[in-house]
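# need a structure here:
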Amino acid sequence: MADELDPAELAAVFGALGNPARLAIMRWLKDPSDFPPQLEPAEQVGVCLKHIQSRAGVSQSTASQYMAVLQRAHLVTSTKIGPWVHYKRNDEFLDRLAETIRTEL
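Modelled structure (predicted):
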């Protein structure tokens, strides 16, 4: 099936999710309304990095590194609004991941 992920994509996903903090972030992003209010609705633009950082209890640079790994693995997408970057789950990619796991693993 053309929509299935290739081995390199799967390795990137499993590597990204192999860190407990990044795995937790993916769970948190499942419900963006559970984060504090922000100027733009989180359901539309994603959750601001400062909120992810606060919930994770890490520095801004660590939060940015976590999100960069998740983004390189195509698990999240980002939108820059002013000085802040907002992240949301890449549901289309996650659907492909689920299908690949269901049929190939």
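# element containing residue 12, please.
helix 7-17 (DSSP states H and E).
# contacts for that helix next, please.
For helix 7-17, contacts defined as Cβ atoms under 8 Å, 6 or more residues apart in numbering pick out 5, 22, 23, 26, 69, 70, 72, 73, 74, 75, 97, 100. Every residue, glycine included, has its C-beta placed from N, CA and C.
# just the buried ones among the residues you listed, please.
The neighbour count (16 or more other Cβ atoms under 10 Å) marks 5, 22, 69, 70, 73, 74, 75, 97, 100 as buried among the contacts of helix 7-17.
# buried residues, stretch 18-29. List them.
Neighbour-count burial for stretch 18-29, counted by 16+ other Cβ under 10 Å, picks out 22, 25, 28, 29.
# again, but for stretch 92-105
93, 94, 96, 97, 100.
# tabulate those residues (JSON lines), appending pLDDT.
Below are these laid out as JSON lines (pLDDT from 0 to 100):
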{"residue": "93", "pLDDT": "95"}
{"residue": "94", "pLDDT": "95"}
{"residue": "96", "pLDDT": "92"}
{"residue": "97", "pLDDT": "94"}
{"residue": "100", "pLDDT": "91"}
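# CSV for those residues, including secondary structure and distance to residue 61?
Output for these, formatted as CSV (DSSP: H, G, I helix; E, B strand; the rest coil; distance: Cβ to Cβ, whole Å):
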residue, secondary structure, distance to residue 61
93, helix, 25
94, helix, 26
96, helix, 30
97, helix, 28
100, helix, 32
